[in-house]
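output the structure for:
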Amino acid sequence: MRETRTRTTRRHFLRAVGTGVAAMAIPRGTWAAGKAEADRSLPNIVFIFADDMGYGDPRCYNPQSKCPTPNIDALAAAGMRFTDAHAPGSWCVPSRYGLITGRYPFRAQRHRIEPDRLTIASLLKRSGYATACVGKWHLGFEGEKKPQPGQAMKGGPVDRGFDYYFGIHASLDIPPYYYIENDRCVAAPTGKVGDSHTDGWTKIQGAFWRGGGLAPGFKHDEVLPTFTDKAVAWLKETRAKSAKKPAFLYLALAAPHTPWLPTGRFRGASGSNLYSDFVAQVDDAVGRVLRTLEKLGMKDDTLVIFSSDNGPVWYAQDVERYGHRSVGPLRGMKADAWEGGHRMPFIARWPGHVPPGSRSDALICFTDMMATFAEIVGRKVPPGAGEDSVSILPLLRGEKPTTPPRDTMIHPAGLWGVRQGRWKLIVGQGSGGFSKPRRRKPEPGEPAGQLYDLAADLGETKNLYAAKPEIVQRLTRLLAQQRKKP
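The predicted structure follows:
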């Protein structure tokens, strides 16, 4: 199957689309001969993952944004801004599964990472990297609902290629609330906290969380600063232990997902609304990590990537009230099959490799990180791993391939979607997600699905399903081929 993931990867990817090759788990120890020695010529990699941040929140994507994002904007000015980057799912769990495994999430059962499956962390670890995950996991721990002191919680990051983990099991509005370090809960959630809501917002916006178990000393508004502190501390500790060992940090923030809890100087920072204030605090967390890299002398040999897992919870009335379009020119929001659900800000900085102030309009997906990291460290992704991953390293280097690394993407939401080139098909009427109507039966004479020409109609305002039956048929066949694959 796809043995090399360079500028020829599109040919291999499209071949895989048509063949339906079965996925196989990779047994431990079968990928490469022995453990690699640490190679300091390899770059550090820091992947910062915001939670529920929209395409139109960073000002480098939307100059009219009400969110102050000077650090994210500076990262874009020093690197490359992708305009057509996509999550493989439009909500938290599938998006994270696709990023970490290089597979479309519909190929997995319950979006749990199989014990022997290659991950971006295990790939890099086998190339000598120190690996850490800090933040929201949301891909399952054994016993996460009733953690017991001293009892190992299997299935988390340290069982999936990360040397170190500190974080929470799911979103910050899903109980119980407690921290996990490596595979143990730091303190069991023996207390209780009630439901939380904010006047003036919908029931799933503002300082929203569901009531439930609470660990002693756990405070929702301290989670974002705590994650940033832990990430900074790990970078410092890793650098102090060995300046020659490359590091991989996956910082999975739980913000600006609800609860929106800007602290101290960030309250009122946007001059607009609670959500924008919280985005300003997320931007500051990004800035703290970037400043740490610079202070440690790691800036010039570190690939930093910033993105978000899926779109925001931001309704039409919020746009009208605050004049802020969290998804920018896109339609929809979190969980939707429309672009606002899964087209994400995606920025990469790597001094001396990624041209500063550059932009790429190529179609990419989070699943592409597996093949990209493999090419960076000079490895091949083996058969049965990263089936939906295509290297974007040529794009990062500013090369202009004659054919794009990928021109096809499958997007499962509440409604199935498939993208090929400029064309996007959604199987059914409605958003498939949070936007209303989620699903609806076509009216008499109305097409059964949705077809959009994204090159001419980024806002998905003109449904061409009835006008382009040949394209509908082609994309329908492509989707069916992919869905047959395990």
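
going forward, measure contacts between C-alpha atoms and count neighbours the same way
Will do.

so Ala252: helix, strand or coil?
The local conformation at Ala252, judged by DSSP: H, G, I helix; E, B strand; the rest coil, is strand.

contacts only, for it.
Going by Cα atoms under 8 Å, 6 or more residues apart in numbering, Ala252 touches 48-51, 133-137.

mind running it again at 7 Å?
Neighbour list for Ala252: 48-50, 134-136 [criterion: Cα atoms under 7 Å, 6 or more residues apart in numbering].

quickly list what it is bridged to.
Here Ala252 sits in beta bridges with Phe49, Gly135, as judged by DSSP bridges.

make TSV out of the contacts of Ala252 and add distance to Gly421, neighbour count and pLDDT.
Below are those laid out as TSV (distance: Cα to Cα, whole Å; neighbours: other Cα atoms under 10 Å; pLDDT from 0 to 100):
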residue	distance to Gly421	neighbour count	pLDDT
Ile48	28	21	98
Phe49	26	24	98
Ala50	27	25	98
Val134	35	28	98
Gly135	34	28	98
Lys136	33	27	98
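
quick one: end-to-end length of stretch 351-365, please.
Taking Cα to Cα, to the nearest Å, stretch 351-365 runs 23 Å from one end to the other.

can you check stretch 236-255 too?
First-to-last residue span, stretch 236-255, Cα to Cα: 23 Å.

now that stretch: how far from the chain's centre is it?
Stretch 236-255 has its C-alpha centroid displaced from the chain centroid by 19 Å (Cα atoms, centre = their mean, to the nearest Å).

cool, stretch 154-162 as well?
On Cα atoms, centre = their mean, the centre of stretch 154-162 falls 18 Å from that of its chain.

quote the end-to-end distance of it.
13 Å.

average pLDDT across it?
Stretch 154-162 shows a mean pLDDT of 97.

buried residues in it?
Under the neighbour-count criterion of 16 or more other Cα atoms under 10 Å, stretch 154-162 has 154-162 buried.

let's have those in JSON lines, adding distance to Leu290.
Shown next, in JSON lines, are the buried residues of stretch 154-162 (distance: Cα to Cα, whole Å):
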{"residue": "Lys154", "distance to Leu290": "32"}
{"residue": "Gly155", "distance to Leu290": "30"}
{"residue": "Gly156", "distance to Leu290": "27"}
{"residue": "Pro157", "distance to Leu290": "23"}
{"residue": "Val158", "distance to Leu290": "25"}
{"residue": "Asp159", "distance to Leu290": "28"}
{"residue": "Arg160", "distance to Leu290": "26"}
{"residue": "Gly161", "distance to Leu290": "24"}
{"residue": "Phe162", "distance to Leu290": "21"}
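
gap between Gly191 and Lys136?
When Gly191 is compared with Lys136 (using Cα to Cα), they lie 21 Å apart.

my bad, Leu475
In this view, Leu475 and Lys136 are 35 Å apart by Cα to Cα.

ok, Thr372 next?
23 Å.

swap in Ile471?
Counting by Cα to Cα, the gap from Ile471 to Lys136 is 39 Å.

could you list the domains of this structure?
Following automatic domain parsing, one finds the domains of the chain at 42-401, 414-484.

quick check: which of these is buried the most?
domain 42-401 (a mean of 21; mean count of other Cα atoms under 10 Å).

dump the domains of the chain into TSV; add distance to Thr408 as well.
Below are the domains of the chain laid out as TSV (distance: least, Cα to Cα, whole Å):
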stretch	distance to Thr408
domain 42-401	8
domain 414-484	4
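
of all those, which one is nearest Asp407?
Set against Asp407 and scored by Cα to Cα, the domains of the chain come closest in domain 414-484, at 5.0 Å.

roughly how far out does the closest one sit from the chain middle?
Worked out by Cα atoms, centre = their mean, domain 414-484 lies 23 Å from the chain centre.

got it, and stretch 329-336?
15 Å.

what's the straight distance from one end of that stretch to the other?
OK, stretch 329-336 end separation, Cα to Cα: 15 Å.

my read is that Val319 contacts Gly328, right?
No. Using Cα atoms under 7 Å, Val319 is not in contact with Gly328; the gap is 10.2 Å.

name the element the residue nearest to Pro68 when sequence neighbours are not counted belongs to?
Once flanking residues are discounted, Pro68 sits nearest to Ala280: 5.3 Å by Cα to Cα, 6 or more residues apart in numbering. Following DSSP states H and E, one finds Ala280 within helix 274-295.

repeat that for Lys380.
Using DSSP H and E, no element contains Lys380; it sits outside every helix and strand.
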